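Undergrad: I would like the atomic coordinates for the input below:
(one chain, ligands or ions: 1)
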Amino acid sequence: MSITKDVIIIGGGAAGLFCAIEAGKRRRRVLVVEHNPVVGKKILISGGGRCNFTNLYTAPKNYLSANPHFCKSALARYTPQDFIALVEKHRIAYHEKKLGQLFCDGSAQQIINMLLDECRFAGVEIGVGCRVTGVEKSAHSFIIETSQGRVESASLVIASGGLSIPKIGASDFGYRLARQFGLAIQATRPALVPLTFAPQKLEALMNLSGVSVDAIARCNAAEFRENLLLTHRGLSGPAILQISSYWQPGDTIEINLLPELDAESLLLDARTSDLHLVNLLSEHLPRRFAQMWCEQFAPSRAMRTYSNDELTAIAGKLAHWQLTPDGTEGYKKAEVTAGGVDTRMLSSKTMEAREVAGLYFIGEVVDVTGQLGGYNFQWAWASGFAAGQHV
Ligand code: FDA
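TA: Numbers count the residues shown, from 1 in each chain. Next comes the predicted model:
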């Protein structure tokens, strides 16, 4: 016996639950199918357990996509203020950490509870621990075979997310389903991910795992000023996670280690002094970092012993430190997956596949990838909202 619904949503994450709420409010009969034993696992681990649920300054420029215009419509129709109003309605205390990033004061579980409460009000049914084994389309509906039986619906929403963090349930389901229905995919890659280096490249610095510096990271016309963190396999921290989304294998990244200063003036102004280079740099960088950096790139001597040309060259390395990463930590550490269902295949207003009536893609499975800072959840809410008005 098959169950018939108006809307079936595959994936009980941020986008899927949000779409379910909106569709439920329209009195659509909605079933969310989630293969994990609970919904919202990624929400729970997000923002260090406090969920950076939106960003006050969300704008299309905060998203990467083969079509940067695609996200505009959905983002305009469901804004950070709309989500904040929902958070406030549920009396969830929150704060701005920095740069418009809003986090729960308590725990990310509050956001999950809020979504589940809204699902209950909207009459949404949720099936957890439910595996999808096949999807077919008949003339007017989709027939979905699951480990808990057959379900049928006129609208099918794919909200199964990207490939990041497979150990909490990420799967390639959405991409496979898109291909099954003839939709193109923009190549996927790990994004918001630490960058790795062959041991010999950063030898000395890798011993400083845990040390962080304020820096500007640049790559392919993008630049971010945030903290850069040394790890035992390479570089991480917000500046690197941000720039990783713009990095492709073989690309060089450039780091400015003295973002507040003009490095050349700093060194030339000290050129008659007895001060050693490492001590001068330690005034602006963590001492251990300055020591290791000098060991690797510019052996430290008294400033007066360097020629002007030498100081200019050292300043160049401090302000334009060029590094070619050998790879990334991959999907097991990536916060998101860049690429995904090609937006040319979808309506930007409804998220419905242009050529397959009733089939929708929302959230991270779509080729819209936010920068670090709450933008990815805002996309999940906004794309879920857009589809939720139409399914
Ligand atoms: P999401 O991954 O949330 O949900 C997909 C759901 O589908 C999952 O529940 C999954 O189990 C289920 N599923 C997959 N395949 C299935 C199948 N075959 N059958 C049934 N169910 C299936 N973003 C942000 O804005 N602020 C933040 O603070 C953070 N922090 C953060 C930390 C970490 C460690 C990670 C990994 C990621 C973040 N992110 C983030 C990114 C954010 O979590 C992500 O972009 C959204 O969760 C995407 O929402 P979706 O609903 O699209 O996918």
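Undergrad: the residue in the stretch 251-391 of the chain positioned nearest to the ligand - nearest residue in space that isn't next to it in sequence?
TA: Among the residues of the stretch 251-391 of the chain, Gly363 lies closest to the ligand, at 2.3 Å counting by Cβ to the nearest ligand atom. In short, each C-beta sits where N, CA and C put it, glycine included. In this structure, Gly363 finds its nearest non-sequential neighbour in Ala15, 2.8 Å apart by Cβ to Cβ, 6 or more residues apart in numbering.
Undergrad: touching the ligand at all, the helix or strand harbouring the one you found?
TA: Remark: Ala15 resides in helix 14-25, with elements defined by DSSP states H and E. Yes - for helix 14-25, a contact with the ligand is found by Cβ under 6 Å from any ligand atom, at 14-16.
Undergrad: one more: stretch 165-184?
TA: Yes - judged by Cβ under 6 Å from any ligand atom, stretch 165-184 and the ligand are in contact via 165, 169, 171, 173.
Undergrad: OK, contacts around the second one?
TA: Residues near Gly169 by Cβ atoms under 8 Å, 6 or more residues apart in numbering: 35-36, 41.
Undergrad: who touches whatever residue of the chain ends up closest to the ligand in this structure?
TA: Here the chain gets closest to the ligand at one residue, Gly13, 1.9 Å apart by Cβ to the nearest ligand atom. Applying Cβ under 8 Å, 6+ apart to Gly13 gives the contacts 39-43, 159-161, 363, 380.
Undergrad: just those now: which is nearest Leu280?
TA: Ranked by distance to Leu280 (Cβ to Cβ), the contacts of Gly13 are led by Lys42 at 44.9 Å.
Undergrad: A helix includes the closest one, no?
TA: Yes - judged by DSSP: H, G, I helix; E, B strand; the rest coil, Lys42 forms part of a helix.
Undergrad: now the helix or strand where Gln200 lies: average pLDDT?
TA: Element membership of Gln200 [criterion: DSSP H and E] is helix 199-206. For helix 199-206, mean pLDDT is 75.
Undergrad: buried residues, that helix. List them.
TA: Judged by neighbour count using 16 or more other Cβ atoms under 10 Å, the buried positions of helix 199-206 are 202, 205-206.
Undergrad: ok, now stretch 138-152?
TA: Under the neighbour-count criterion of 16+ other Cβ under 10 Å, stretch 138-152 has 141-144, 146, 151-152 buried.
Undergrad: circling back: just checking, what packs against the helix holding Gln200?
TA: Contact analysis of helix 199-206 by 3 or more Cβ pairs under 8 Å, 6 or more residues apart in numbering; DSSP states H and E lists strand 234-236, helix 287-297 as its packing neighbours.
Undergrad: what's in contact with the shortest one?
TA: Counting by Cβ under 8 Å, 6+ apart, the neighbours of strand 234-236 from elsewhere in the structure are 194-197, 202, 206, 228-230, 323, 325, 329.
Undergrad: if you set the cut-off to 10 Å instead, what comes out?
TA: Applying Cβ atoms under 10 Å, 6 or more residues apart in numbering, the contact partners of strand 234-236 are 193-199, 201-202, 205-206, 209, 212, 215, 217, 227-230, 240-241, 243-244, 253, 255, 323, 325-329, 333.
Undergrad: repeat for stretch 104-115
TA: Stretch 104-115 is contacted from outside by 12-14, 16-18, 20-21, 38-53, 83, 86-87, 89-95, 124, 377, 381, using Cβ under 10 Å, 6+ apart.
Undergrad: residues in the stretch 251-391 of the chain within reach of the ligand, list them.
TA: When proximity is defined by Cβ under 6 Å from any ligand atom, the stretch 251-391 of the chain lies next to the ligand at 335-336, 363-364, 374-377, 380.
Undergrad: can you give me the strands for the stretch 1-150 of the chain?
TA: Taking DSSP state E, counting those that start in this stretch, the strands of the stretch 1-150 of the chain run over residues 3-10, 30-33, 52-55, 63-64, 94-96, 101-104, 125-127, 132-137, 142-146, 149-158.
Undergrad: tell me the strands beside the last one, with direction?
TA: In this case it means strand 149-158. strand 3-10 (parallel), strand 142-146 (antiparallel), strand 359-361 (parallel) (DSSP bridges).
Undergrad: could you do the fourth one as well?
TA: Paired with strand 63-64 in the same sheet, following DSSP bridges, are strand 369-370 (antiparallel).
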